[in-house]
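*Asks:* model this:
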Amino acid sequence: MADEAAGTTGGGADQSADRDTARDTDRGADQGNGGAVAAGAAGRSGLDRFFKISERGSTVGREVRGGLVTFVTMAYIVVLNPLIIGSFAADDTGAHTDLFGGILPVDQVAAATALVAGAITILFGLVANFPFALATGLGINTLVAVSIAPQMTWPEAMGLVVVNGIVVLLLVVTGVRTAVFNAVPAALKSAIAVGIGLFIALIGLVDAGFVRRVPDAAGTTVPVGLGIDGSIASWPTLVFVVGLVLTSILVAKRVKGAILIGVAVGTVLAIAIEALVNAGPSLGVNPKGWNLGYPALPEQVFGIPDLSLLGEVSFGAWWRVPALTAALLVFTLVLTDFFDTIGTMTGLGREAGLVDKDGKLPNTGKALFVDSLGAVAGGAASTSSNTVYIESASGIAEGARTGLANVVTGLLFLAAMFFTPLYQVVPIEAAAPALVVVGALMMAQIREIDFSDFTIALPAFLTIVVMPFTYSIANGIGAGFVSYVVLRLVTGRARGLHPLMWIVSAAFVVYFAMGPIQAL
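*Replies:* Just a heads-up that it's a prediction; the model follows:
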């Protein structure tokens, strides 16, 4: 998720500072007398020195607020991941079973998901000092549940996830992953950030029900449409629209805590509406119901987490299926994991203004090392690989610039193990406006791409559009990389290509041809 950075970004540090000034919703207030006092107090503390809070133009309050917003916008993973890889019972319709009918219990997956996300997010903040939260990767968990587990047992499938993490970890230790990160041309880095902006906005629109998949039975070739049969007339979507309008106004007026206020107001509105109209949860059968999270006061707030899945891992997959099949599965996991992180970190780093004048992100090696540990930990806990989340952009939009925000997010994830019913009160329709607003903010980086050069324009365009259209960051990066190398080659400009771009592009060609290769 460099070599042309100087020519394309042109003073990246200054531009990043300008973007921060324009985008931080509370910049004006924090630069007043109160902000100066807070900054001065923080400057005298060990906390400020450790996280470099003042150095990055932030405050403790802003970091705490950013960490809270990031948690709110990505807490859905503790609910969604169990629905993707877990099941309530083996005989349930649509249960995700392994080769022998085994399942991962939903409550155990939820507890382990929150535990790993919390621990790795805190570690990432302490080691890398970036406000980039981590949790189970949505693309990889689906791959594990749909394509890998049915060929073996769940512990064996998670064993392959652990191997994936170890391979990525070795790539970090040897410097390969960092080298690839720095070898990406500046124009493609900007395109990755813009693509992630569109992707995160689409996630928000789909989660809120504003954009929906059109059923095949509808007799149309249109893949997605507006709401239900062209109408957004449902109570949950109304909450999203009101939240989007309110959040947009607050951001435009640079109100401190704009995104957090928008989410809070949306949640209160959702609770009030549900109490009056009883829309009910969606559960896949009620299209006008709440998608994720149910806006009603829970009957129970506290519960003891079941962590039985920790350590339930086996490496027997290499004997359960042909070794070549297992190797290809690991290759797919590695490539997806590898470039999802590179793409996400690139976009978040540029959005936060943390890149240097050459477009490089400091502490990249440390950040990628902890991310790799997240992949190993996710497999070992049977939650699937953990990776950096693009929803961290919502916290960045609130002003988060350091790892302190990650500590806040991580602690909230750890608390979520015990207070699952409480955070489920926040419906995704109340949090989705934050994703759309952040997507709009990230689009601004498109101005750094030189569209007059078609060898840059097409790869950048493909990177930007393939991400949301295929719901995959890795797919967008692959399309951009391969087209960039091909166009540079045929136009006689291949000499300036970094050698790693050739290697990575070749790997993506194999990645895109994985179906025929596995068939052979």
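*Asks:* any idea how far the residue positioned nearest the centre of the chain is from residue 359?
*Replies:* The centroid of the chain falls nearest to residue 389 when counting by Cα atoms, centre = their mean (2.5 Å). Distance, residue 389 to residue 359, by Cβ to Cβ, to the nearest Å: 22 Å. Using the backbone N, CA and C atoms, a C-beta is placed for each residue, glycine as well.
*Asks:* before we move on, back to that, tell me the phi and psi of the residue nearest to the centre of the chain?
*Replies:* phi -100, psi 130 (degrees, to the nearest 10).
*Asks:* who's in contact with it?
*Replies:* 70, 74, 77, 132, 133, 134, 135, 344 (Cβ atoms under 8 Å, 6 or more residues apart in numbering).
*Asks:* repeat that with 6 Å
*Replies:* Residue 389 is in contact with 74, 133, 135, counting by Cβ atoms under 6 Å, 6 or more residues apart in numbering.
*Asks:* Which one (most neighbours) among those residues?
*Replies:* Neighbour counts for the contacts of residue 389, by other Cβ atoms under 10 Å, peak at residue 133, which reaches 35 neighbours.
*Asks:* how about that residue, what does it touch?
*Replies:* Residue 133 neighbours (Cβ under 6 Å, 6+ apart): 70, 121, 389, 392, 406, 409.
*Asks:* change it to 10 Å
*Replies:* Taking Cβ atoms under 10 Å, 6 or more residues apart in numbering as the contact definition, residue 133 lies against 67, 70-71, 73-74, 77, 117-118, 120-122, 124-125, 348, 386, 388-392, 394-395, 400, 405-406, 408-410, 412-413.
*Asks:* Please tell me how far it sits from residue 72.
*Replies:* Taking Cβ to Cβ, one finds residue 133 at 11 Å from residue 72.
*Asks:* do residue 295 as well
*Replies:* Note on residue 295: its distance to residue 72, by Cβ to Cβ, is 14 Å.
*Asks:* Could you tell me which residues touch both of the two?
*Replies:* Common neighbours of residue 295 and residue 72, using Cβ under 10 Å, 6+ apart, are 267, 426, 430.
*Asks:* what's the helix or strand for the second one?
*Replies:* Taking DSSP states H and E as the definition, one finds residue 426 inside no helix or strand.
*Asks:* Quick check: residue 50 is in a helix.
*Replies:* Yes: assessed with DSSP: H, G, I helix; E, B strand; the rest coil, residue 50 lies in a helix.
*Asks:* Neighbours of it, how many?
*Replies:* With other Cβ under 10 Å as criterion, residue 50 counts 13.
*Asks:* And it, what's its pLDDT?
*Replies:* Note on residue 50: pLDDT of 94.
*Asks:* Run through the residues that contact it.
*Replies:* Contact partners of residue 50, counting by Cβ under 10 Å, 6+ apart, are 126, 129, 402, 403, 404.
*Asks:* Narrow those to just the buried residues.
*Replies:* In these, burial by neighbour count holds for 126, 129, 402, 403, 404, counting by 16 or more other Cβ atoms under 10 Å.
*Asks:* any chance of those residues in CSV, plus distance to residue 285?
*Replies:* Converted to CSV, the buried ones among the contacts of residue 50 look like this (distance: Cβ to Cβ, whole Å):
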residue, distance to residue 285
126, 44
129, 45
402, 44
403, 42
404, 43
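*Asks:* Show the residue spans covered by the helices in the stretch 51-200 of the chain.
*Replies:* 60-74, 77-85, 106-128, 138-143, 154-173, 176-183, 186-207 (DSSP state H, counting those that start in this stretch).
*Asks:* Out of the ones you listed, flag the one nearest residue 237.
*Replies:* With Cβ to Cβ, the closest approach to residue 237 among these belongs to helix 186-207: 10.0 Å.
*Asks:* Extract the CA atoms of that closest one and return them as CSV.
*Replies:* Presented in CSV, the C-alpha positions along helix 186-207 are these (Å, rounded to 0.1, in the frame of the first residue of the first chain):
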residue,chain,number,x,y,z
ALA,A,186,5.4,9.7,-6.7
ALA,A,187,2.6,10.0,-9.3
LEU,A,188,1.4,6.5,-8.5
LYS,A,189,1.6,7.3,-4.8
SER,A,190,-0.8,10.2,-5.3
ALA,A,191,-3.0,8.0,-7.4
ILE,A,192,-3.1,5.4,-4.6
ALA,A,193,-4.2,8.0,-2.2
VAL,A,194,-7.0,9.3,-4.5
GLY,A,195,-8.1,5.7,-5.2
ILE,A,196,-8.3,5.0,-1.5
GLY,A,197,-10.4,8.2,-1.1
LEU,A,198,-12.9,6.9,-3.7
PHE,A,199,-12.8,3.4,-2.2
ILE,A,200,-13.5,4.6,1.3
ALA,A,201,-16.3,6.9,0.1
LEU,A,202,-17.9,3.9,-1.8
ILE,A,203,-17.6,1.8,1.4
GLY,A,204,-19.5,4.5,3.3
LEU,A,205,-22.2,4.8,0.6
VAL,A,206,-22.7,1.1,0.3
ASP,A,207,-22.7,0.5,4.1
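*Asks:* Against residue 133, how distant is residue 151?
*Replies:* Separation of residue 151 from residue 133 (Cβ to Cβ): 32 Å.
*Asks:* In this protein, which helix is the longest?
*Replies:* Taking DSSP state H as the criterion, the chain has its longest helix at helix 323-352.
*Asks:* so where do the strands sit in the chain?
*Replies:* Taking DSSP state E as the test, the strands found in the chain are 134-136, 211-213, 224-226, 386-388.
*Asks:* With mean pLDDT and distance to residue 508 as extra columns, can I get those strands in JSON lines?
*Replies:* Below are the strands of the chain laid out as JSON lines (pLDDT from 0 to 100; distance: least, Cβ to Cβ, whole Å):
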{"stretch": "strand 134-136", "mean pLDDT": "95", "distance to residue 508": "24"}
{"stretch": "strand 211-213", "mean pLDDT": "86", "distance to residue 508": "27"}
{"stretch": "strand 224-226", "mean pLDDT": "85", "distance to residue 508": "26"}
{"stretch": "strand 386-388", "mean pLDDT": "94", "distance to residue 508": "18"}
